[in-house]
Every structure is written in structure tokens, then in C-alpha cells.
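K.L.:
Take this sequence and fold it.
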Amino acid sequence: MDRFIIVDSHNSEYIGIIFHILRKCGYNMALTKRLFHWIPSYSKRNIRRDCQTKTVVLVWNEELNDYTSTFQMYKNSDSSLYIRKIATLPQYEGKGIGKRNLLYIEQFAIKNGCSRICLDVYIKSKGAISFYSHLGFKEVGTKRSIRFKELIMKKQLD
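P.N.:
Now for the predicted structure:
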């Protein structure tokens, strides 16, 4: 059973855990997949700022007795829910955590009147692109970030 915790910008403990998850995922992607887009790590200061402008979620798994993942969401004026900084600790990959997180995100989107979910993914992250495609996301374009090219993906909710 997963518990989805909405993180407040004043909760330094949770911000530290999110920082740890993002950092560990970044280094794991660099070492195992040669993907360096999360190096250097996202800072605690940025996470704290995001807590003030977005819904930042930390996921606790009862069975594993551990924090397993994190993600951020924000609603846009076009009835879209945008998700970002989606990360599951490497030791918990393949256990259905990412899929359950996306189900939670879909329910959150519907509850908040959103008709679609949008995300950007590093264009070289073939595993992530395959994962999102398998869950119903469609490739709708590309964009250039400051450091690299990203694929834009959307899922229509009915």
C-alpha cells in the first residue's frame, strides 16, 4: 500500500528525502544508462521553491517500509495537469510503483477537472518513453530545454 504525501516547503526532512531520491536516480541513470541530464542534482532550494508553486509528492510504501518515489504536478490554464521530476529509487524499479504513481496522478487530474496529463521526457530516455507509451501517453512534439532536447507526451483522460 502506498501513501502519497503532499510536501510543504517548510518540511526539511521530506525535502531532504526527495533530494536523496532525485540524486540517487540521477547518478543511477548516469552509471547504468549513460544519461546525464539529472547531473548535477536538483537542489534542496529548488525543491523547496517547487513546494510553494506545485504539488510535490513523496511516496511511502508500507510493504517496503521506505520512501520509494517522488513526483511533482501543476495545473495549467488549459485544463492540463503537468507532471515533472518523476523518480523511483533504482532498487524499487520494476515493482509497479511507477504505474501506481501514474494511477494516482490520473485520479488527481480527474478530481481537479483536468482533461489531459502532460509531461516532458529527455529524448534519449528510451526506457521512460516506453514506460509512458505503455500507459497511454502519446508523443506530440519536441522542445529544447536549456541543456537538451525533450519529447512532449500527453495522455487524454476520458
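
K.L.:
Identify the residues contacting Arg49.
P.N.:
Ser9 (C-beta atoms under 8 Å, 6 or more residues apart in numbering). For every residue, glycine as well, the C-beta is placed using N, CA and C.

K.L.:
Flag every buried residue along the helix or strand hosting it.
P.N.:
Using DSSP states H and E, the element containing Arg49 is helix 44-53. Buried positions in helix 44-53, judged by neighbour count with 16 or more other C-beta atoms under 10 Å: Ile47, Arg48, Asp50, Cys51.

K.L.:
where along the chain do the strands fall?
P.N.:
Counting by DSSP state E, the chain has strands at residues 2-6, 55-61, 66-75, 80-88, 116-122, 138-144, 149-156.

K.L.:
Just send these back as TSV, with mean pLDDT, mean neighbour count and distance to Phe108 too.
P.N.:
Below are the strands of the chain laid out as TSV (pLDDT from 0 to 100; neighbours: other C-beta atoms under 10 Å; distance: least, C-beta to C-beta, whole Å):
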stretch	mean pLDDT	mean neighbour count	distance to Phe108
strand 2-6	98	15	9
strand 55-61	99	21	8
strand 66-75	98	20	7
strand 80-88	98	20	7
strand 116-122	97	20	9
strand 138-144	97	11	20
strand 149-156	97	17	13
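
K.L.:
Output the ones you listed as a markdown table; include the columns distance to Ile21.
P.N.:
As requested, the strands of the chain are arranged in a markdown table below (distance: least, C-beta to C-beta, whole Å):
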| stretch | distance to Ile21 |
| --- | --- |
| strand 2-6 | 13 |
| strand 55-61 | 8 |
| strand 66-75 | 5 |
| strand 80-88 | 5 |
| strand 116-122 | 17 |
| strand 138-144 | 25 |
| strand 149-156 | 21 |
